[in-house]
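*Asks:* Mind folding the following:
(one chain, ligands or ions: 1)
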Amino acid sequence: MKKTIYNENHVQSRVLKKTLTIQRSPVDNISTKTHDHFQPINPACLNPPLVGKGMDMILPHGGLPEVISSHLCSLIERTGGVNGPIGLQFVARPELERKNHQEGAMDPLSEDEYEIVPGVIYKYRGEIDENGNVIKHGRVLWTVTRFCASFCRFCTRGREVGLPVFMKARTCGSIAQKALLSDEDIRKVMEFLKNAKEVNEVILSGGDPLTAPKPYLTKIVKSLVVLQKSGDLDIIRIGTRLPVHNPGQIQEWHYQLLSEIKNVCLMVHINHPAELTAETLEVLYNFRKKSLATVFSQSVLLKGVNDSEEILQELFETLAKEGVRPYYIYQNDPVYWAEHFTVPVRESIDLWQRLRPRLSGIAATARFVIDTPYGFGKIPIPEGEAWKVDYSCYYDFKKKKHSL
Ligand code: SF4
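*Replies:* Residues are numbered from 1 along each chain as shown. Next comes the predicted model:
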């Protein structure tokens with residue numbers, strides 16, 4: 001297979017530099033603010049500096065400033081500039097992002113509705129019988145910060161991510177209202193997890209948990225480890241894009257902290273093979289070696305970025321070669337600011353069908369899923385064309401029919 005090589009020959013730096021005026025955004029000033037209690041925002045976010053147009057590019061309802069790490073800026077320069085596969089993911093295109101903001105969705109997965117204690121979204125519920133025995137385990141997603149080292153323009157949580165600490169987003173989730181949770185919030189979550197016997201799994205999310213301040217993240221992780229050791233929790237996953245956004249921001253304490261979790265699963269958001277730079281691969285390797293993490297990838301199918309068999313083949317094969325397990329590729333969620341990234345579902349299915357026969361078993365561990373509206377489950381698309389399936393509609397886990 002012909003490899004796509006991203007090197008200086010791809011540089012379109014003149015175009016890029018013209019568009020990405022280096023300007024410290026209001027988000028950079030977050031280091032000077034403090035949250036409710038002890039947490040200053042991680043000064044590591046500022047070194048190397050963040051660039052982009054910051055709050056000038058914010059969405060009409062108030063999320064997703066344009067913030068791009070210098071690592072990504074350099075990668076954008078090497079991969080076709082603002083219209084290349086990395087530029088398209090991070091450089092704001094306000095005319096497209098704002099087009100449907102009047103009628104478009106902000107929270108199509110109904111996450112705010114499912115928030116049960118601060119930051120904890122409980123959609124995948126477990127069950128307990130009348131004798132208190134667990135008959136089905138449940139898992140929760142815990143959003144602990146609204147910051148990332150850069151902001152993806154298609155982010156599902158664009159309704160709240162990226163706002164400086166002194167602002168509140170217009171939606172009602174905890175991290176829309178405050179940048180980080182308070183000590184009291186964390187205490188409530190721990191109490192919930194201890195008492196909810198059916199919940200055996202927590203997925204830390206945000207924003208990007210690994211961008212959180214060291215004392216804050218340490219407190220959260222160590223509290224979860226206590227529950228894991230006492231048998232109140234089995235599995236801890238951590239979702240992150242920091243190894244792609246800014247690998248230099250990951251420090252020894254991150255590896256050390258995660259090594260305290262038994263069988264930690266690191267879910268890294270990676271969309272394009274060009275994101276797997278030497279620095280990023282080194283960090284992923286370190287998480288495997290130093291934290292004994294199982295590293296999985298999660299990707300979003302994005303028009304113009306990775307909607308080709310060749311790109312996805314290269315992505316999954318490189319991940320497999322580098323010891324990362326391809327896990328999910330998602331149909332992008334129908335949030336209004338990302339509609340221009342959407343590949344029509346029927347085309348996504350065809351792409352997936354064509355791709356599967358090209359991959360070895362170990363590169364084909366990813367499942368292509370549609371995260372259904374209202375939070376009714378991730379519906380996997382069958383691989384290959386071994387079965388004749390009616391693709392004109394599908395049913396979610398609550399038997400609700402969705403026509404395509
Ligand atoms: S890293 Fe994740 S949470 Fe952060 S902007 Fe990108 S998609 Fe959103």
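*Asks:* Does residue 383 lie in a helix or a strand, and which?
*Replies:* Using DSSP states H and E, residue 383 falls within no helix or strand.
*Asks:* Hmm, it is touching residue 364, no?
*Replies:* Yes - between residue 383 and residue 364 there is a contact under CB atoms under 8 Å: 7.1 Å. In short, each C-beta sits where N, CA and C put it, glycine included.
*Asks:* and for these two, which residues touch both?
*Replies:* Counting by CB atoms under 8 Å, 6 or more residues apart in numbering, the residues touching both residue 383 and residue 364 are residue 356.
*Asks:* Same question for the nearest residue to residue 358 once chain neighbours are set aside, what's its three-state structure.
*Replies:* Leaving aside its sequence neighbours, residue 358 sits nearest to residue 313 (CB to CB, 6 or more residues apart in numbering; 5.2 Å). Using DSSP: H, G, I helix; E, B strand; the rest coil, the structure places residue 313 in helix.
*Asks:* Check the gap between residue 313 and the ligand for me.
*Replies:* Distance from residue 313 to the ligand, counting by CB to the nearest ligand atom, to the nearest Å: 23 Å.
*Asks:* for the ligand, what are the nearby residues on this protein?
*Replies:* By the rule CB under 6 Å from any ligand atom, the part of the chain lying against the ligand is 148, 151-152, 155, 157, 161, 206-208, 241, 269.
*Asks:* Who wins on neighbours among these?
*Replies:* residue 151 (31 neighbours; other CB atoms under 10 Å).
*Asks:* That residue: what's it in contact with?
*Replies:* Applying CB under 8 Å, 6+ apart, the residues contacting residue 151 are 64-67, 90, 158, 161-162.
*Asks:* Which ChimeraX command selects the buried ones in those residues?
*Replies:* Those of the contacts of residue 151 that count as buried under 16 or more other CB atoms under 10 Å are selected in ChimeraX with:
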select :64,65,66,67,90,158,161,162
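*Asks:* Among the contacts of residue 151, name the ones in helices.
*Replies:* residue 90 (DSSP state H).
*Asks:* for the contacts of residue 151, which one is nearest residue 226?
*Replies:* Of all the contacts of residue 151, residue 161 has the smallest distance to residue 226: 28.6 Å, by CB to CB.
*Asks:* Spit out the contact partners of that closest one.
*Replies:* 63-64, 146-148, 151, 155, 175, 206-207.
*Asks:* For the most centrally placed residue in the chain, what are phi and psi?
*Replies:* By CA atoms, centre = their mean, the mean C-alpha position of the chain lies nearest to residue 269, the distance being 5.4 Å. Backbone torsions for residue 269, taken as degrees, to the nearest 10, come to phi -80, psi 110.
*Asks:* how many other residues sit next to residue 369?
*Replies:* Residues near residue 369, counting by other CB under 10 Å: 17.
*Asks:* Report the separation between it and residue 196.
*Replies:* Plainly put, residue 369 is 25 Å away from residue 196 if you go by CB to CB, to the nearest Å.
*Asks:* And residue 150, by the same measure?
*Replies:* Here residue 150 is placed at a distance of 34 Å from residue 196 (CB to CB).
*Asks:* which of the two has more neighbours?
*Replies:* residue 150 (25 against 20).
*Asks:* got the CA coordinates for the helix or strand containing residue 95 in CSV?
*Replies:* Secondary structure from DSSP H and E places residue 95 in helix 94-97. What follows is helix 94-97, C-alpha atoms only, in CSV (Å, rounded to 0.1, in the frame of the first residue of the first chain):
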residue,chain,number,x,y,z
PRO,A,94,-17.4,30.3,11.3
GLU,A,95,-19.6,30.6,8.2
LEU,A,96,-20.1,26.9,8.2
GLU,A,97,-20.2,26.4,12.0
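*Asks:* Show me what that helix is packed against.
*Replies:* Contact here means 3 or more CB pairs under 8 Å, 6 or more residues apart in numbering; DSSP states H and E; on that basis helix 94-97 packs against no helix or strand.
*Asks:* which element follows it toward the C-terminus?
*Replies:* Next along the chain from helix 94-97, counting by DSSP H and E, comes strand 115-117.
*Asks:* Strand partners (parallel or antiparallel) of that next one?
*Replies:* strand 120-124 (antiparallel) (DSSP bridges).
*Asks:* Could you list the residues in contact with the strand it pairs with?
*Replies:* Applying CB under 8 Å, 6+ apart, the contact partners of strand 120-124 are 109-111, 114-116, 138-143, 189, 192, 199, 375, 377.
*Asks:* Quick check: mean pLDDT of it?
*Replies:* In this model, strand 120-124 has a mean pLDDT of 92.
*Asks:* Nearest to the ligand within the stretch 251-400 of the chain, name that residue for me.
*Replies:* Of all residues in the stretch 251-400 of the chain, residue 269 sits closest to the ligand, at 5.6 Å by CB to the nearest ligand atom.
*Asks:* from what I can see that residue touches residue 244, true?
*Replies:* Yes - Residue 269 lies in contact with residue 244 (CB under 8 Å); the separation is 6.8 Å.
*Asks:* What is the subsequent helix or strand relative to the helix or strand of the chain with the lowest mean pLDDT?
*Replies:* Every helix and strand in the chain was compared by mean pLDDT, DSSP states H and E; the lowest is helix 13-19, with a mean of 36. The helix or strand immediately downstream of helix 13-19 is strand 50-54, counting by DSSP H and E.
*Asks:* Specify the next element, helix or strand, located C-terminal of the helix or strand hosting residue 215.
*Replies:* If you go by DSSP H and E, residue 215 is part of helix 214-229. Once helix 214-229 ends, the next helix or strand along the chain (criterion: DSSP H and E) is strand 235-240.
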